[in-house]
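Asks: Everything below, folded, please.
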Amino acid sequence: MAMGKIAALTTVLAMLGSPVIAGETLDRVTSAGKLVMSSDPEYPPQSFLNDANEMDGFDIDVGKAIAEKMGVELEIVTPSWEVITAGSWAGRWDMSVGSMTPTAARAQVLDFPAIYYYTPAAFAVHTDSDVQSIDELNDKIIGSCGGCTYDAYLNRELVIDAEGVPEFEYQVTAAEIRTYETDTNAFDDLRLGDGVRIDAVFSALPTIQEAINNGYPLRIVGDPAFYEPLSVATDKGDEEFNARIAEIVEELHADGTLSELSEKWYKVDLTTVE
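Replies: So this is what the prediction gives:
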């Protein structure tokens, strides 16, 4: 996506809602010399605890790059996804670099200053499954993360309001949608066997591929169901902080940093849909 489109989307989403005291978050970050970022410790390859018990992954590297550009240290906290997306963070953390889709509903309580990449959403089954096409997943038990875009898609309630997102259709009607705190928990249930607890999972394609790389007996079915833009999220209302985040992410797009990090973690450049 061109930088102009990203800037336009940033402006529109940042304008939604009523602002609070401008500059409060930016002043706090600058004064403390520390940027606090929320993340998920069980969402590889986006974010996870590595063998050294340190947070690692694509989202973590993006957060580090933003903090470096801002000239401050990065601190990572790990609240639940539901708490992050509820907004009203009360200064407990400053931003979320957690592969969040900037929907209009979320924009009621959060700001989305900058899109940093796009990810395809895909279905996966156990390697022992007879399912060969997406239409065969109708009337199956499908697992996904609760309160996320994959859950919304399965409930036929997904709205992706970002500019330039390819159109999508609802292709599956599940018999039951089983939700989990993280995608990894869904993978853990599916790895027990075909139909033992669930019949399929619906998640980010890179996350599924990472699980496969780590030995999970999963197989991707069909083409991606949709592509979603993923944005840095901030608590509602600090226009100065949002502007600084947007400026930095645009720099990271322009200088190739985001492309390099995407190639590092996904072996493909997911920073554009072109």
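
Asks: Pull the contacting residues for F48.
Replies: D40, P41, E42, M55, D56, G57 (C-beta atoms under 8 Å, 6 or more residues apart in numbering). C-beta coordinates here come from the backbone N, C-alpha and C atoms, glycine included.

Asks: Pull up the pairing partners for the host helix or strand of it, direction included.
Replies: F48 belongs to strand 47-49 when assigned by DSSP states H and E. As defined by DSSP bridges, the strand partners of strand 47-49 come to strand 42-43 (antiparallel), strand 55-56 (antiparallel).

Asks: Could you list the low-pLDDT ranges of the stretch 51-200 of the chain?
Replies: Scanning the stretch 51-200 of the chain with the threshold set as pLDDT under 70 gives 162-164.

Asks: Out of the contacts of F48, which is nearest to A104?
Replies: A104 has its nearest neighbour among the contacts of F48 in D40, at 23.1 Å by C-beta to C-beta.

Asks: what about the helices in the chain?
Replies: For the chain, applying DSSP state H gives helices covering 3-15, 24-32, 58-70, 81-85, 149-154, 183-190, 205-213, 239-254, 257-266.

Asks: Which other helices and strands does the fourth one contact?
Replies: In other words, helix 81-85. Applying 3 or more C-beta pairs under 8 Å, 6 or more residues apart in numbering; DSSP states H and E, one finds that helix 81-85 contacts strand 95-100.

Asks: Compute the distance from the centre of the strand it packs on to the centre of its chain.
Replies: In terms of C-alpha atoms, centre = their mean, to the nearest Å, the centre of strand 95-100 is set 6 Å apart from its chain centre.

Asks: For that strand, which strands pair with it and how are they oriented?
Replies: When DSSP bridges is applied, strand 95-100 pairs with strand 34-38 (parallel), strand 218-235 (antiparallel).

Asks: For that strand, output the C-alpha coordinates as CSV.
Replies: The C-alpha coordinates for strand 95-100 follow below in CSV (Å, rounded to 0.1, in the frame of the first residue of the first chain):
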residue,chain,number,x,y,z
MET,A,95,1.1,1.2,23.0
SER,A,96,0.2,-2.2,21.7
VAL,A,97,2.3,-3.7,18.9
GLY,A,98,0.2,-6.9,18.8
SER,A,99,-0.9,-7.5,15.3
MET,A,100,-4.2,-5.8,15.9
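
Asks: ok, residues contacting it?
Replies: If you take C-beta under 8 Å, 6+ apart as the criterion, strand 95-100 is touched by 35-40, 43, 46-47, 59-60, 62-63, 66, 81, 84-85, 106, 110, 112, 116, 119, 204, 230-234, 245.

Asks: any idea which of the strands paired with strand 47-49 is most buried?
Replies: Most buried of those by mean neighbour count (mean count of other C-beta atoms under 10 Å) is strand 55-56; its value is a mean of 20.
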